[in-house]
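In: heads up, no residue letters with this:
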């Protein structure tokens, strides 16, 4: 049997995965996802926890147990994929399968890196351990011998497949990593969600993020490699048993049986749908129907006007000549543009000397077009435009509704909020003045980059954000946070409370605002 190319067998592997039954997919996910999650937790614990040395033994034992768990379910997954290709049943017991995986698969952790360093046996080593899982699940009497024999077949194909899969894994890893890094920023820009991940900024690009991207890449590539080595083992065994020909014969027999059923059912369907005897056609009525149809509005634009309908006269013929010159000049210009993009040999074969009459027509068309454009520009410039009186713009502060709950502090500068507060106090609207002072305080804190203003944030959210940033900014005065908390409390008590707001409440909030600004300027 001639070996298939690397791309060909990869395409067959993708199709095999797409046709995999739900039980096979569930078996793969049952084994792979717990191991991937446990490995991520183990990596994070060992690299970040100060108690890593104390938990190393117990955590390593858990990861090792989940590794065997993964290999057992991976073997079951490969056996079920093999069942789609062959009629050979899986005859191995689960206890025998677990024992074989415990005895052989841990050696992969040493053999594969050594094979990679030596380069030559790397492809055969990878194939051997994959094949061993399949033959152990199929109940092979000596799975190691069968796996070693299949691993030695078609070395060029094996190396080609691993090379292509390595490039694909690197590209997939980079794409997943880019998505993970950009996702928090997109959530903040589009949805307005500013969580801890978005505030990390470039710090989000760390070893843990790369480990998550590597785990997702491994889940996709590992399933495809399992399907690939199932196909290699199936075709390798078919060299002796002819199992691939039997499978093709079974598929052909199934198609033939389906075609036979359709052919047997066809006469009955044909008899049921037999056409009735044709009736006589009235020729005159048919002509009238055709004539009425072609004169309908939606079809008349397809027919050119008749020669008798063309207008006659000296001016009409002159306009037709000018239009013809313009049309030919335009076609000439399009031909010249098209010649720029043709190969030199085609351009030389198409080049022919232009006649004097053709040049005259072209230049006449250009002059006429320029004259028409000049006339249009002249008349449009002479049109008198009505003078529109410009009204003085109303002040932004007068159009601001302080009672609007959707109003945010970044709508106006701090000075405008203070001006609104003075105007509200002059009118005796102390509750609105209280809110204007509160928005001025938020605007000042945002300008100093202590908080970020968002419509969905509450006073508690602003307080927590200031406390969090104060812990990371040593220059922030410790008295700033209590004063800011007092400003928030006074506003919420007056704005959401049931008692009336007095002038004294506004003066107290104004004093706290001045104190807050004084502490904020020290940072």
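Out: Happy to help now that I have it. As the structure is a computational prediction, the values presented were derived from the model and not from experiment.
In: low-confidence regions, the stretch 1-150 of the chain specifically.
Out: Residues of the stretch 1-150 of the chain meeting the criterion pLDDT under 70: 1-3, 87-92, 120.
In: so residue 161, which of the three states?
Out: Residue 161 carries the three-state label helix when classified by DSSP: H, G, I helix; E, B strand; the rest coil.
In: which residue sits closest to it, ignoring its sequence neighbours?
Out: Leaving out its chain neighbours, the residue that sits closest to residue 161 by CB to CB, 6 or more residues apart in numbering is residue 6, at 4.7 Å. In short, each C-beta sits where N, CA and C put it, glycine included.
In: what residues does stretch 472-485 touch?
Out: Stretch 472-485 has contacts (CB atoms under 8 Å, 6 or more residues apart in numbering) with 441, 445, 450, 462-463, 466-467, 469-470, 512, 515-516, 519-520, 522-523.
In: change it to 6 Å
Out: The set of residues that contact stretch 472-485 without belonging to it, under CB atoms under 6 Å, 6 or more residues apart in numbering, is 463, 466-467, 470, 512, 515-516, 519-520, 522-523.
In: how about the helix or strand where residue 83 lies: buried residues?
Out: If you go by DSSP states H and E, residue 83 is part of helix 52-85. Going by neighbour count (16 or more other CB atoms under 10 Å), the buried part of helix 52-85 is 59, 66-83, 85.
In: hey, where'd the helices end up in the stretch 351-500 of the chain?
Out: Secondary structure of the stretch 351-500 of the chain (DSSP state H, counting those that start in this stretch): helices located at 356-382, 414-427, 430-447, 459-472, 480-496.
In: what angle separates the helix or strand following the last one from helix 480-496?
Out: Beyond helix 480-496 in the direction of the C-terminus, DSSP H and E gives the next helix or strand as helix 503-521. Helix 503-521 and helix 480-496 are oriented at 150 degrees to each other (axes from the mean of the first three to the mean of the last three CA atoms, to 10 degrees).
In: for helix 503-521, what does the pLDDT average out to?
Out: Mean pLDDT, computed over helix 503-521, is 88.
In: in that helix, which residues are buried?
Out: Neighbour counts over helix 503-521 (16+ other CB under 10 Å) mark 505-506, 508-510, 512-513, 515-517, 519-520 as buried.
In: same check, this time on stretch 402-410
Out: Under the neighbour-count criterion of 16+ other CB under 10 Å, stretch 402-410 has 402, 407, 409 buried.
In: residues touching the first one, list them.
Out: Put plainly, it is residue 402. Contact analysis of residue 402 by CB under 6 Å, 6+ apart lists 432, 435-436.
In: number of residues surrounding the spatially closest residue to it that is not a sequence neighbour?
Out: In space, and not counting its chain neighbours, residue 402 is closest to residue 432: 4.3 Å by CB to CB, 6+ apart. Neighbour count for residue 432, taken as other CB atoms under 10 Å: 21.
In: isn't residue 432 up against residue 424?
Out: Yes - when contacts are counted by CB atoms under 6 Å, residue 432 is listed as touching residue 424 (4.3 Å).
In: and the pLDDT at residue 361?
Out: Reading off the confidence values, residue 361 has pLDDT 61.
In: if you could redo that for residue 425, that was the one I meant.
Out: The score at residue 425 is 90. That number is its pLDDT.
In: excluding its backbone neighbours, what's nearest it?
Out: Closest residue to residue 425 in three dimensions, ignoring its sequence neighbours and counting by CB to CB, 6+ apart: residue 433, at 4.6 Å.
In: same deal with residue 140?
Out: Using CB to CB, 6+ apart, the closest residue to residue 140 is residue 146 (5.1 Å).
In: report how many residues lie close to the closest residue to residue 459 other than its chain neighbours.
Out: Distance criterion CB to CB, 6+ apart; nearest residue to residue 459, sequence neighbours excluded, is residue 488 at 4.0 Å. If you count neighbours by other CB under 10 Å, residue 488 ends up with 19.
In: picking up where we left off before, nearest to residue 96, out of the helices of the stretch 351-500 of the chain?
Out: When the helices of the stretch 351-500 of the chain are ranked by proximity to residue 96, the top entry is helix 459-472, at 56.8 Å, counting by CB to CB.
In: how far off centre is the closest one?
Out: 34 Å (CA atoms, centre = their mean, to the nearest Å).
In: and that helix with helix 480-496, angle?
Out: Angle of helix 459-472 versus helix 480-496, following the same axes, to 10 degrees, is 170 degrees.
In: now helix 459-472: buried residues?
Out: Neighbour counts using 16+ other CB under 10 Å place 459, 462-463, 465-466, 469-470 of helix 459-472 among the buried residues.
In: one more: stretch 284-297?
Out: Residues of stretch 284-297 classed as buried by neighbour count (16+ other CB under 10 Å): none.
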